[in-house]
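# Sequence and predicted structure are below.
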There are 2 protein chains.
Amino acid sequence: MPEKESFIVTPYEVRGRIDYERLRKQFGTQELSGPVLEELREAAGGTLHPLIERGVYYSHRDLGVLLAQYRKGERFFLYSGRGPSGPLHLSHLVSFELCRWLQEKFDAPMYIQITDDEKFWARSQLTREDSIRWGYENLLDILAVGFDRKRTHVFFDSRSIAAMYPLAVRVARKIPYSTVKAVFGFAPSTNIGLVFYTALQTVPALYPSWESGRSVPCLIPCGIDQDPHFRVTRDIAESLGYPKPALIHSQMIPGLLGEGVMSTTGGNAADNALFLNDPPKTVERKIRKAFTGGRASVEEQRRLGATPEICSVWALWRTRFAENDGKFEQVTRDCRSGALLCGDCKGELIERVQAFYTTHQAARERARDHAEELIITQPPKPEGWDRKPSTSREGSPSPSLYR
Amino acid sequence: MPEKESFIVTPYEVRGRIDYERLRKQFGTQELSGPVLEELREAAGGTLHPLIERGVYYSHRDLGVLLAQYRKGERFFLYSGRGPSGPLHLSHLVSFELCRWLQEKFDAPMYIQITDDEKFWARSQLTREDSIRWGYENLLDILAVGFDRKRTHVFFDSRSIAAMYPLAVRVARKIPYSTVKAVFGFAPSTNIGLVFYTALQTVPALYPSWESGRSVPCLIPCGIDQDPHFRVTRDIAESLGYPKPALIHSQMIPGLLGEGVMSTTGGNAADNALFLNDPPKTVERKIRKAFTGGRASVEEQRRLGATPEICSVWALWRTRFAENDGKFEQVTRDCRSGALLCGDCKGELIERVQAFYTTHQAARERARDHAEELIITQPPKPEGWDRKPSTSREGSPSPSLYR
């Protein structure tokens, strides 16, 4: 048996050419197909989001359980997040686009986490100031996706820590170092902030249950690379008396250079990703240079057609720039048949990306007015003076001295 | 060479019969004697606290450096703390008594840390509620020592986290897992909260410098068992632009049963320590049962005298119940000569402890009125919207999009 191509996917490293199906099996998640998709479609009122229809979302954990609860009247909330190490790129919107759709279809509260602490711990070149500044900038881009602000809440880690910490303290006691070492591949040189951090990524998944004192189901749309964090969450949730969150996982958008995935960091990040703050000329230049599934010559492409599955430009049509299934099928068909040449395809896509950026950037500026008020800063339950020790020492009853 | 008696001293475990001089050499601290003691006496206006005179404080790090800075006009602040796993016992007051004296002599601000998170992480039997409740109860006992409330501040970890976290995030990035593993002897099963925790114990030592933007020297009076935390602090302080804290270390009060030290936890804790909430009859019973350096019979003791150095009762005279040097020398001399019998010695001590408890418990109730306002809850510098990323991605200049 030939050796399989190797790849690594963790929240802190994505390397190699990802075989998503193999990754899914390796992570032990369920395939997003068949009955559960139909249940989702029915619960959502008869439609599915294009990111699901087109297979960008391809994996899940316990989505069927969540939908069964929903049918019985148990409402769920949504949770997704962002580690701010630089501007957002198009791949980052994949989670939030689906969250927005789910919020609308299921009338679901949305919790957004901005992990400015995590990124500072994970990236030794990132200054503390920039991890915070990017946190605010990224939050505006996320809100621009169009959440219902009355049902949207933000955990901005360093700003929200007073609210998050009481629960994080309880979570952290449940997680031994050996678990994070195994799950994230930490080394002895890993700093103790990053070792602790997964406790904070667990908090939003349990917070509404903790806050309300009842079991509130949670659905987390995220890139499959984030699954390890939530495996930890799922392992410990019930021991704290909270339900395990369900997940729905997406593939990542492939890099424009045909290497790896769009990423904020790394040597070729600048040309490999379309950042949401790229000016129009940069968008044009990057897409013009992008790796495609085209042939060596126009003549050959007309005759043999191109290969959309390996094309970074087709991946963009698939993800968000084909406005409906008709358009997506047309692009795919014409690419494959040779009717559509890469230059023309890129030209049309460039216009669409630029137009989207104009709309998006206006929306992000409008979000500036209300973003601050969405940030949770106070704990729901003060843990204060009103409480007295239940024992006079561990295990013995309290004397009257403590009134 | 015969094998030396073995003992273990870390912030999380104290085991065996401690050879304090050997421990000092093992930790690499300096002896508190000779010129540095005279410098301290002079700076304090010609006197030394009995805990220093009697050798309970016996070790330091950089106290000479701190005093040299003081002579040049650089004021320092004091920092000590408590991990609340149960009621305070007499040994816990050793740090705070010295802090109070230093505050008075040096007009120094005092920072008290209550580590309710740490104790919850360190003790699997302790409930979260009790770690918080004991935190409040312990704080009252600490304040009862008599600090100047205008210059006294409290970090109650889970209440003060919004203030502490911004600095803790910076500290944590400097500390690799390998360091805490080596310093504290952590195992793979150690939870990630405790792994992270030392970052929070570092925060108060650097906070006044961080808050003010200038270098503020720090002096930490603490039990020698806490030195490992501050070794970590001292290792990283300068890399963050802050001065290394100086330390002054005490021995721990030996257990009443003649085993180990007074401790809040452990199988024999109830009888081994004098808790500050012990009722008068309990005080009497514990001291009556206490291990002494006495002889097998009255006759033998009259003839040969007793051995104060191994006596748990003498340790209490030494620590706080001999009101001056004359009394302490008298007790020591009469014990050694056989003039003072253990029963009489204990009788006198019981009265003094009971009287002290009455005064102390009244003071702790008075502290209830102002304790809350000493707790720091807000960060000094909001890290907010006013800041913009310095780059458009890591390493490249910011475009005009970010106004």
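Received it, and whenever you're ready, just let me know what you need.

# Any stretches of chain A with poor pLDDT?
Within chain A, the ranges that satisfy pLDDT under 70 run A:1-5, A:382-403.

# Check it for its longest helix and report it.
Scanning chain A for the longest helix, with DSSP state H as the assignment, gives helix A:342-367.

# ok, and for that helix, which residues are buried?
Neighbour counts using 16 or more other C-beta atoms under 10 Å in any protein chain shown place A:342, A:345-346, A:349-350, A:353-354, A:356-357, A:360-361, A:364, A:367 of helix A:342-367 among the buried residues. For the C-beta atoms, the positions are set from N, CA and C on the backbone; glycine is no exception.

# care to break chain A down by domain?
Annotated domains of chain A cover A:8-250, A:269-367 [automatic domain parsing].

# Same list (the ones you listed) but as TSV, adding distance to chain B.
Shown next, in TSV, are the domains of chain A (distance: least, C-beta to the nearest C-beta, whole Å):
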stretch	distance to chain B
domain A:8-250	3
domain A:269-367	5
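
# if we can go back for a sec, going by contacts, tell me the helices and strands next to the longest helix of chain A.
helix A:128-143, helix A:280-289, helix A:312-316 (3 or more C-beta pairs under 8 Å, 6 or more residues apart in numbering or on different chains; DSSP states H and E).

# As TSV, those with mean neighbour count would be great.
Formatted as TSV, these follow (neighbours: other C-beta atoms under 10 Å in any protein chain shown):
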stretch	mean neighbour count
helix A:128-143	24
helix A:280-289	15
helix A:312-316	24
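
# re earlier: and the domains of chain A, which is most packed in?
domain A:8-250 (a mean of 20; mean count of other C-beta atoms under 10 Å in any protein chain shown).

# Give me the distance between the two termini of it.
16 Å (C-alpha to C-alpha, to the nearest Å).

# now that domain, how far from the centre of its chain.
On the basis of C-alpha atoms, centre = their mean, to the nearest Å, domain A:8-250 sits 6 Å off its chain's mean C-alpha point.

# Restricting the selection to alpha carbons, write the host helix or strand of residue A:21 to PDB.
Here residue A:21 sits within helix A:20-27, counting by DSSP states H and E. Coordinates of the C-alpha atoms in helix A:20-27 are reproduced here as PDB (Å, rounded to 0.1, in the frame of the first residue of the first chain):
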ATOM      1  CA  TYR A  20     -10.700  16.200   4.300                       C
ATOM      2  CA  GLU A  21     -12.400  12.800   4.300                       C
ATOM      3  CA  ARG A  22      -9.400  11.200   5.900                       C
ATOM      4  CA  LEU A  23      -9.200  14.100   8.400                       C
ATOM      5  CA  ARG A  24     -12.900  13.600   9.300                       C
ATOM      6  CA  LYS A  25     -12.200   9.900  10.000                       C
ATOM      7  CA  GLN A  26      -9.100  10.700  11.900                       C
ATOM      8  CA  PHE A  27     -11.000  13.200  14.100                       C
END
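
# after it, next one along is what?
Assigned by DSSP H and E, the successor of helix A:20-27 is strand A:30-31.

# Mind giving me the packing neighbours of that next one?
By 3+ C-beta pairs under 8 Å, 6+ apart, strand A:30-31 packs against strand A:57-61.

# if we can go back for a sec, include distance to residue B:296 when you put the helices and strands packed on helix A:342-367 into JSON lines, please.
Converted to JSON lines, the helices and strands packed on helix A:342-367 look like this (distance: least, C-beta to C-beta, whole Å):
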{"stretch": "helix A:128-143", "distance to residue B:296": "66"}
{"stretch": "helix A:280-289", "distance to residue B:296": "91"}
{"stretch": "helix A:312-316", "distance to residue B:296": "89"}
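
# beta partners for residue A:246?
residue A:219 (DSSP bridges).

# Now do the contacts for it.
Counting by C-beta atoms under 8 Å, 6 or more residues apart in numbering or on different chains, residue A:246 makes contact with A:60, A:61, A:62, A:63, A:65, A:66, A:76, A:217, A:218, A:219, A:220.

# show me what contacts the closest residue to residue A:59 other than its chain neighbours?
Excluding the flanking residues, the one nearest residue A:59 by C-beta to C-beta, 6 or more residues apart in numbering or on different chains is residue A:249, at 4.0 Å. Residue A:249 sits next to A:24, A:29, A:32, A:57, A:58, A:59, A:60, A:61, A:222, A:223, A:224, A:227 when contact means C-beta under 8 Å, 6+ apart.

# Cross-check the contact I'm expecting between the fifth one and residue A:31.
Yes: judged on C-beta atoms under 8 Å, residue A:58 makes contact with residue A:31 at a distance of 7.3 Å.

# Need the residues touching each of the two.
Common contact partners of residue A:58 and residue A:31 (C-beta under 8 Å, 6+ apart): residue A:24.

# Was I right to think residue A:254 contacts residue A:313?
No: Residue A:254 is not in contact with residue A:313 according to C-beta under 8 Å; the separation is 10.0 Å.

# picking that back up, so the helix holding residue A:21 versus strand A:57-61, what angle?
Per axes from the mean of the first three to the mean of the last three C-alpha atoms, to 10 degrees, the angle that helix A:20-27 makes with strand A:57-61 is 10 degrees.

# Show me what helix A:20-27 is packed up against.
Looks like helix A:20-27 contacts strand A:57-61, helix A:227-237 (3+ C-beta pairs under 8 Å, 6+ apart).

# how about JSON lines for those, with distance to residue A:335 added?
Shown next, in JSON lines, are those (distance: least, C-beta to C-beta, whole Å):
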{"stretch": "strand A:57-61", "distance to residue A:335": "21"}
{"stretch": "helix A:227-237", "distance to residue A:335": "31"}
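
# Which one of those lies nearest to residue A:125?
helix A:227-237 (22.5 Å; C-beta to C-beta).

# helices or strands up against that closest one?
Here helix A:227-237 touches helix A:20-27, strand A:57-61, helix A:177-184, helix A:192-212, strand A:246-250, going by 3+ C-beta pairs under 8 Å, 6+ apart.

# These: which one's closest to residue B:319?
Of all these, helix A:192-212 comes closest under C-beta to C-beta, at 35.1 Å.

# CA-only coordinates of the closest one in CSV, if you can.
Output of helix A:192-212 as CSV, limited to C-alpha atoms (Å, rounded to 0.1, in the frame of the first residue of the first chain):
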residue,chain,number,x,y,z
ILE,A,192,1.5,28.4,30.1
GLY,A,193,-1.0,30.8,28.6
LEU,A,194,-1.6,28.6,25.6
VAL,A,195,-1.7,25.6,27.8
PHE,A,196,-4.5,27.2,29.8
TYR,A,197,-6.3,28.8,26.8
THR,A,198,-8.6,25.9,25.7
ALA,A,199,-10.5,26.5,29.0
LEU,A,200,-11.5,29.9,27.7
GLN,A,201,-12.5,28.5,24.3
THR,A,202,-14.8,26.1,26.2
VAL,A,203,-16.5,28.9,28.2
PRO,A,204,-18.9,30.3,25.5
ALA,A,205,-20.2,26.8,24.7
LEU,A,206,-21.3,26.4,28.3
TYR,A,207,-22.0,30.0,29.4
PRO,A,208,-25.7,30.3,28.6
SER,A,209,-26.3,27.1,30.6
TRP,A,210,-24.2,28.3,33.5
GLU,A,211,-25.9,31.7,33.4
SER,A,212,-29.4,30.5,33.2
